[in-house]
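Undergrad: this one's structure only:
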Ligand SMILES: Nc1ncnc2c1ncn2[C@@H]1O[C@H](COP(=O)(O)OP(=O)(O)OP(=O)(O)O)[C@@H](O)[C@H]1O
């Protein structure tokens, strides 16, 4: 190696070291270093590599002090013991780079602090459920029940209106989905749906009670998962009763409100009534009082929610979302799943029937982006300690619903002593599969494609339409990775979509993105979101909610991982173009 070459090597090393990023983790200051920093230096004793990133974008954690010592001793040992002019040149250049570290670290410290400040601002502005709180409604008689709007394997769902809050008069505007007379696209079914929602803004889910007995405590206990999305007042009276009776601990943990997760306003038990279609559609689950051959219990659980005009499955039958709309829908699902993970809940039954949709008032049907809401928590995992690890000791332990969309690590688990299923990325995997449906394709895990989550190979996944943005295709592929360690979390996947939708400038055409640049972009985003208020940059409430969600959950490490994945995807695409 010539002296000139040696100097340039030294400078390269210095530059690599400058890619250090400082961030706080568990109260301890740690350093982040790109893997290629170590290529010229020692391998070092590194801890916790983020193995799911390709090596070039892999970050390593190690303590700052240890890192400096490792670098210095190993570089000395390997490079400078000879003391030749060439090695001295490397040393000098390296010293130059290390000397600049402090400056860089200071910059990174500032960027991390900026992120924390942004997060604090947006955390204060927590999402409030849009419906005005109502104080009664704990009895079935408080509601007018309309026609059946849905049915699953455990319940029937009916449109409903609260007697204590009568629907608005016909000349007033629709409260949930506003009917605009000047909308040319308004079709008849839509108008009907709209009127129906105006008259029946609520939905009542009547559970079928086959084995839980007829006491309120037993019903609540056996159907407790349904109560996970219940609001703080949903159970007030029942809760008081149960407490008075001395039955503590029956009620499950509940989720805080989120725009992409259903809210249960009221949950109560009542005698099973004979509702429209009951004799014809579900006679077997009726109590003997209503059908002598029925096997159901006399009393059951009722859940009151907002009435949504569509499930994702119904909506996709009528419309294929465009590239931006589809990306926003997928992003909402990821935001919803991330919210569940943060609160220690895994849904475990995500499918297009369990995802509800609505359009904001004034939004044109099939034009704007619908709000997407995750519903039906009947199969969820919500353990008292918020852990997403489920001991799987016998095959009788419930692993969730819908086997076709069960993540590989769940479906392949074999029960045994000490076996634990980790659900922290299982819902994110299901979002990857549902994304195919959102973009107009068959779900690869349903017929006719019919891959099996138990044994598919990633290369068997069908291609997505070329109209789907490249970054979104990358997110879907990564979400469907078999190995959960190589799969991004819902948060990281959501960050990728946020960056792709709104942060393209921060990801300028280079192979690395500085913390400073990211922080600058985040500041701009925050300013825009705050200035635009709840309507968002393009006047769309859904986009505004998404951006708020993103900013209130900022974590530099997750954001950098998302950047790493996006840059990796970009490099892969370029390599692909060059090779063809
Ligand atoms: N809040 C709501 N607004 C409008 N429709 C709803 C609402 N909740 C449920 N539905 C409709 O009712 C159907 C059945 O509801 P849900 O999935 O909660 O029942 P389930 O018996 O628990 O289902 P599964 O068979 O998945 O266990 C849904 O697919 C949807 O069509």
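TA: Thanks, I have the structure now. Fair warning: this is a prediction, and the values are worked out from it, not measured in the lab.

Undergrad: who's in contact with the residue in the stretch 1-150 of the chain that the ligand sits nearest to?
TA: Across the stretch 1-150 of the chain, no residue is closer to the ligand than residue 150, which sits at 2.0 Å (Cβ to the nearest ligand atom). Heads up, the C-betas are built off the backbone N, CA and C, glycines and all. Neighbouring residues of residue 150 by Cβ atoms under 8 Å, 6 or more residues apart in numbering: 156, 157, 203, 311.

Undergrad: could you tell me which of these count as buried?
TA: Buried by 16 or more other Cβ atoms under 10 Å: 156, 157, 203, 311, out of the contacts of residue 150.

Undergrad: partner residues bridging the first one?
TA: In this case it means residue 156. Residue 156 forms beta bridges with residue 151, residue 206, as assigned by DSSP bridges.

Undergrad: that one and residue 280 touch, don't they?
TA: No - contact criterion Cβ atoms under 8 Å: residue 156 and residue 280 do not qualify, at 11.4 Å.

Undergrad: residues of the protein that sit close to the ligand?
TA: The chain has residues 149-155, 157, 203, 205, 305-308, 311, 349, 353-354, 356, 375-376, 378 near the ligand, with proximity defined as Cβ under 6 Å from any ligand atom.

Undergrad: need the buried ones from those residues selected in PyMOL.
TA: To isolate the buried members of the residues of the chain next to the ligand in PyMOL, using 16+ other Cβ under 10 Å:
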select buried, resi 149+150+152+154+155+157+203+205+305+306+307+308+311+349+353+354+356+375+376+378
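
Undergrad: narrow the residues of the chain next to the ligand to those in strands?
TA: 149, 150, 151, 155, 157, 203, 205, 305, 306, 311, 356 (DSSP state E).

Undergrad: the third one: what's it in contact with?
TA: Yep, that's residue 151 we're talking about. 157, 281, 282.

Undergrad: not counting its neighbours along the chain, what's nearest the first one?
TA: Residue nearest to residue 157 in three dimensions, not counting chain neighbours: residue 150, with 4.1 Å by Cβ to Cβ, 6 or more residues apart in numbering.

Undergrad: try the second one
TA: Excluding the flanking residues, the one nearest residue 281 by Cβ to Cβ, 6+ apart is residue 151, at 6.5 Å.

Undergrad: same question for the last one.
TA: For residue 282, the nearest residue in space outside its immediate sequence neighbours is residue 156; the separation is 6.2 Å by Cβ to Cβ, 6+ apart.

Undergrad: check whether residue 490 really touches residue 338, as I assumed.
TA: Yes - because the distance of 4.2 Å satisfies Cβ under 8 Å, residue 490 is recorded as touching residue 338.

Undergrad: would residue 551 count as being in a strand?
TA: No - with DSSP: H, G, I helix; E, B strand; the rest coil as the criterion, residue 551 is assigned helix and is not in a strand.

Undergrad: ok, it touching residue 529?
TA: Yes - taking Cβ under 8 Å as the contact criterion, residue 551 and residue 529 are neighbours in contact, 6.5 Å apart.

Undergrad: in terms of neighbours, single out the busier of those two.
TA: For residue 551 versus residue 529, the count of surrounding residues by other Cβ atoms under 10 Å is larger for residue 529: 25 against 21.

Undergrad: correct me, but residue 415 touches residue 395?
TA: Yes - here residue 415 reaches residue 395: they are 4.9 Å apart, a contact under Cβ under 8 Å.

Undergrad: one step back: out of the ones in strands among the residues of the chain next to the ligand, who's nearest the ligand?
TA: Proximity of those to the ligand (Cβ to the nearest ligand atom) peaks at residue 150, which lies at 2.0 Å.

Undergrad: tell me the bridge partners for residue 355.
TA: Applying DSSP bridges, one finds that residue 355 bridges with residue 374.

Undergrad: residues contacting it?
TA: With Cβ under 8 Å, 6+ apart, residue 355 has these contacts: 311, 312, 313, 333, 372, 373, 374, 375, 434.

Undergrad: could you give the backbone dihedrals for residue 146?
TA: phi -100, psi -140 (degrees, to the nearest 10).

Undergrad: quick check: closest non-adjacent residue to it.
TA: Nearest non-adjacent residue to residue 146, counting by Cβ to Cβ, 6+ apart: residue 159, 3.9 Å away.

Undergrad: surely that neighbour forms part of a strand?
TA: Yes - counting by three-state DSSP, residue 159 is found in a strand.

Undergrad: pLDDT value on it, please?
TA: pLDDT for residue 159: 97.

Undergrad: domains in the chain, by residue range?
TA: The record's domain split for the chain, according to automatic domain parsing, is 3-123, 130-166+193-307, 309-491.

Undergrad: how about those domains, which one is nearest residue 506?
TA: Proximity to residue 506 (Cβ to Cβ) singles out domain 3-123 among the domains of the chain, at 11.8 Å.

Undergrad: show the average pLDDT along that closest one.
TA: What domain 3-123 shows for mean pLDDT is 52.

Undergrad: pLDDT below threshold where in the protein?
TA: Within the chain, the stretches with pLDDT under 70 are 1-101, 103-104, 125-135, 166-195, 236-251, 361-367, 509-513, 534-539.

Undergrad: where exactly do the strands run in it?
TA: Taking DSSP E as the test, the strands found in the chain are 21-25, 28-34, 59-63, 143-151, 155-162, 202-207, 264-271, 299-306, 310-311, 355-358, 371-374, 389-391, 420-422.

Undergrad: I'd like the ones you listed as JSON lines, with distance to residue 447 appended.
TA: JSON lines is the format used below for the strands of the chain (distance: least, Cβ to Cβ, whole Å):
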{"stretch": "strand 21-25", "distance to residue 447": "45"}
{"stretch": "strand 28-34", "distance to residue 447": "44"}
{"stretch": "strand 59-63", "distance to residue 447": "41"}
{"stretch": "strand 143-151", "distance to residue 447": "22"}
{"stretch": "strand 155-162", "distance to residue 447": "26"}
{"stretch": "strand 202-207", "distance to residue 447": "29"}
{"stretch": "strand 264-271", "distance to residue 447": "33"}
{"stretch": "strand 299-306", "distance to residue 447": "31"}
{"stretch": "strand 310-311", "distance to residue 447": "19"}
{"stretch": "strand 355-358", "distance to residue 447": "20"}
{"stretch": "strand 371-374", "distance to residue 447": "24"}
{"stretch": "strand 389-391", "distance to residue 447": "29"}
{"stretch": "strand 420-422", "distance to residue 447": "26"}
